[in-house]
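Asker: Got a sequence here, can you model it:
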Amino acid sequence: MKLKRRDTEMFSLSFLDIICCGFGAIILLLVLSEFGQPIVIERSRQDLESQIKKLQEELFVIRGDGERIERELKGRLNVLVRERRNLAKVAGDFSSIRGQFDASRQDAAVSNILENELLSAYQELEAENKKLILVSRTRKRITTQAVGGIPVDSDYVIFLIDTSGSMQGAHWETAIEVMRETLDIYPRLKGVQIVDDNGRELFGGTRGRWLTDSPGLRTDIVQRMRNWRSFSDSSPADGIELAIKNYWSNDKRISVYVLGDEFTGESIQEALDAVDRINRPDASGRRRVRIHAVGFPEAPGMTPFTNIRFSALMRAICERNDGTFVGLTNTRSCAFSMNVGGITTCVGGN
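Answerer: Purely as a prediction, here's the structure:
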């Protein structure tokens, strides 16, 4: 029994030793664990700071690249805007050039047609001028008022005179003489007016008013004509419109005498239509005013084209408006004749 008790005590001591060793091991583990944890934390903190620093550096680099890319993008956008503007301008220029080309091509076609028509009209005028020269040389009585004679049946007369450089430089003295001798055909007029081919009066401030006919007035007209300098666009249709608008009256018989040598307007037909609109016929078919015309030959250095166009235009206007067209030549003996009471009178001669 004693041996067993001893064995029991020894076993108890051994078990206690084991328990103590276990606690000691646990305490040692705790001590080791608490001792190593600060080192791990410090290393982790250093790693994080290093990563943060690296990320900050990368962020700075990215920001710098972003600003540079943004500047490049703005520059390219500005270039794109300029290129678009240039493209729009080029497109506009191309459209304008294309329009001009199409217009030029149309003008060329119209010019060809017009030249053919004017050539035909010119040939007719040449034949008519030859007849007029023959009549003026023989000085026979004119049996018709539509060829060489101009009917003198108006109480009011308007002279519409082309004041262009070609007229004043080459035909001015002849124009004054034709106007003076035409006035001499009318013994007594109720009213006279002198305007340029743009409708401006020789006597300023008299628009819409008739000048009272008298020998003194006729002398004054000739004197003023010698110093008359007025701008002219060589387009008598404008002056005819203004003359009829400013001076026509239902109770007056009016004649308009157009003296000129060229027509530079855009269209003969448009000029004819404009005169037709303002000089409408009455119930009897008589136009508001008679329109006569005297065409002067082309001046030295002047293109014959505008001279032919004037003859073609005024010949048509006179035919439509109960008047007579007379084309002068360089021959000075009896420029043209007028039929007054059945007696032929030479006008514009030497």
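
Asker: and residue 228, what does it touch?
Answerer: Taking CB atoms under 8 Å, 6 or more residues apart in numbering, we find residue 228 in contact with 163, 196, 202. In short, each C-beta sits where N, CA and C put it, glycine included.

Asker: so who does the residue nearest the centre of the chain touch?
Answerer: The chain has residue 100 as the residue nearest its centroid, 11.8 Å off, counting by CA atoms, centre = their mean. Residue 100 makes contact with no residue under the criterion CB under 8 Å, 6+ apart.

Asker: show me where the protein has strands.
Answerer: Secondary structure of the chain (DSSP state E): strands located at 156-161, 191-196, 254-260, 289-295, 325-327, 336-340, 343-347.

Asker: looking only at pLDDT, what's the mean for the fourth one?
Answerer: Looking back up the chat, that one is strand 289-295. Across strand 289-295, pLDDT averages out at 94.

Asker: Excluding its own residues, what touches it? List them.
Answerer: Applying CB under 8 Å, 6+ apart, the contact partners of strand 289-295 are 150-151, 153-154, 158, 178, 236, 240, 243-244, 248, 254-261, 275, 279, 307, 310-311, 314-315, 317-318, 321-328, 335-336.

Asker: burial count for residue 266?
Answerer: Number of residues near residue 266 (other CB atoms under 10 Å) recorded here: 9.

Asker: could I get the contacts of residue 228 as TSV with neighbour count?
Answerer: Below are these laid out as TSV (neighbours: other CB atoms under 10 Å):
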residue	neighbour count
163	23
196	22
202	19
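
Asker: can I see the domain layout of the protein?
Answerer: With domains defined by automatic domain parsing, the chain comprises 27-113, 139-347.

Asker: what separates the shortest one from the chain centre, distance-wise?
Answerer: Same thing as domain 27-113. Centroid separation between domain 27-113 and its chain, computed with CA atoms, centre = their mean, to the nearest Å, is 47 Å.

Asker: Distance of residue 176 relative to residue 167?
Answerer: Distance from residue 176 to residue 167, counting by CB to CB, to the nearest Å: 11 Å.

Asker: per-residue confidence at residue 244?
Answerer: Residue 244 carries a pLDDT value of 94.

Asker: With the one 4 residues further on instead?
Answerer: The score at residue 248 is 93. That number is its pLDDT.

Asker: Now do the residue nearest to it when sequence neighbours are not counted against residue 20, distance only.
Answerer: Nearest residue to residue 248, sequence neighbours excluded (CB to CB, 6 or more residues apart in numbering): residue 288, at 5.1 Å. Per CB to CB, residue 288 is found 148 Å from residue 20.

Asker: Just give me the neighbour total for the residue nearest to residue 322 when sequence neighbours are not counted.
Answerer: Spatially, and ignoring its direct neighbours in sequence, residue 322 is nearest to residue 290 (4.9 Å; CB to CB, 6+ apart). Applying other CB under 10 Å, we find 22 residues neighbouring residue 290.

Asker: Specify the beta-bridge partners of residue 290.
Answerer: residue 255 (DSSP bridges).

Asker: Distance check, it against residue 161.
Answerer: From residue 290 over to residue 161 the distance is 17 Å, taken as CB to CB.

Asker: now do residue 194
Answerer: In terms of CB to CB, residue 194 sits 7 Å off from residue 161.

Asker: Now do the shared contacts for the two.
Answerer: 179, 225.

Asker: Comparing these two, which residue is more hemmed in?
Answerer: Per other CB under 10 Å, whichever of residue 194 and residue 161 has more neighbours is residue 161, with 28 against 21.

Asker: how deep is the closest residue to that one other than its chain neighbours tucked in, by neighbour count?
Answerer: Distances taken as CB to CB, 6+ apart put residue 259 closest to residue 161, at 4.7 Å, once the chain neighbours are dropped. Using other CB under 10 Å, residue 259 has 26 neighbouring residues.

Asker: Provide a list of residues in contact with residue 156.
Answerer: Residue 156 neighbours (CB under 8 Å, 6+ apart): 189-193, 210, 247, 252-255.

Asker: how about a cut-off of 6 Å?
Answerer: By CB atoms under 6 Å, 6 or more residues apart in numbering, the residues touching residue 156 are 190-191, 252, 254.

Asker: PyMOL command to pick out the buried ones of these?
Answerer: Typed into PyMOL, the line below selects the buried ones among those, using 16 or more other CB atoms under 10 Å:
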select buried, resi 191+254
